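Engineer: Test case, fold it:
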Amino acid sequence: MTLVLLWLFTSHVNKSPYLVDHFDLIEVNHVYDDAGCRDFVQLVYWDWDASNSRFACQGYMIMRECVVKTEAGEKRFNELVDKICRGQPLAFQTDVRRAMTYRGDFVKKGRYPMRDFRLKVWKSTWQDKGVFRQIQAKHFRETHTAYDVEVANRELYPTSGRRGLQKIPGFSATVSR
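Structural biologist: The predicted structure follows:
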């Protein structure tokens, strides 16, 4: 009986506190719209494709928690828009104010990767459906672009070929009614 209880206890205990995925590069990509305002921020994870000498996107996620709206940030944004519009024709001012909206300030928190100097890797950690996840990579970059790097990479590497993140054990994506 003791042996059965010991087996049950040890077989259901998660040996690692995290579900860890390893990639070659983690990227925080800030995407801007035509007016120059930040549209969204995404975490993109890449593996090196040696045959083509370039990185291949393995997946991405939007980092909503890193864009925070504040009164001070909105005031600063409105002051900048006023400075751009000052002395310009009314039609220009109207177009600028319509095109530029305050979406929030970027804050390094949540899934933003941190350097682990002991292991010499970058780590992005978060909780997903009750499980702690972690992405690790030897390299990290932060980019600011006017286009979505993940979508651009789909032309070279279709999404069907991506390995993505590990599946959460015991979690079914289908909803039963």
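Engineer: Domain map for this protein?
Structural biologist: For the chain, automatic domain parsing gives the domain ranges 15-68+104-161, 70-103.
Engineer: how far out from the middle of the chain is the first one?
Structural biologist: Put simply, domain 15-68+104-161 sits 5 Å off its chain's centre (C-alpha atoms, centre = their mean, to the nearest Å).
Engineer: neighbouring contacts of the longest helix along the chain?
Structural biologist: Longest helix of the chain, by residue count under DSSP state H: helix 71-85. With contact meaning C-beta atoms under 8 Å, 6 or more residues apart in numbering, helix 71-85 is reached by 92-93, 96-97, 100, 102, 104-105. Backbone N, C-alpha and C define where each C-beta goes, glycine included.
Engineer: Find the centremost residue of the chain, please.
Structural biologist: When C-alpha atoms, centre = their mean is applied to the chain, the residue found nearest the centroid is L43 (2.2 Å).
Engineer: Would you mark the buried spots in the helix or strand hosting that residue?
Structural biologist: Per DSSP states H and E, L43 falls inside strand 38-49. Counting neighbours by 16 or more other C-beta atoms under 10 Å, one finds that the buried residues in strand 38-49 are 38, 40-47.
Engineer: Can you list the strands that that strand pairs with?
Structural biologist: strand 19-32 (antiparallel), strand 54-62 (antiparallel) (DSSP bridges).
Engineer: These: which one's closest to Y112?
Structural biologist: Closest approach to Y112 among those (C-beta to C-beta): strand 19-32, 6.6 Å.
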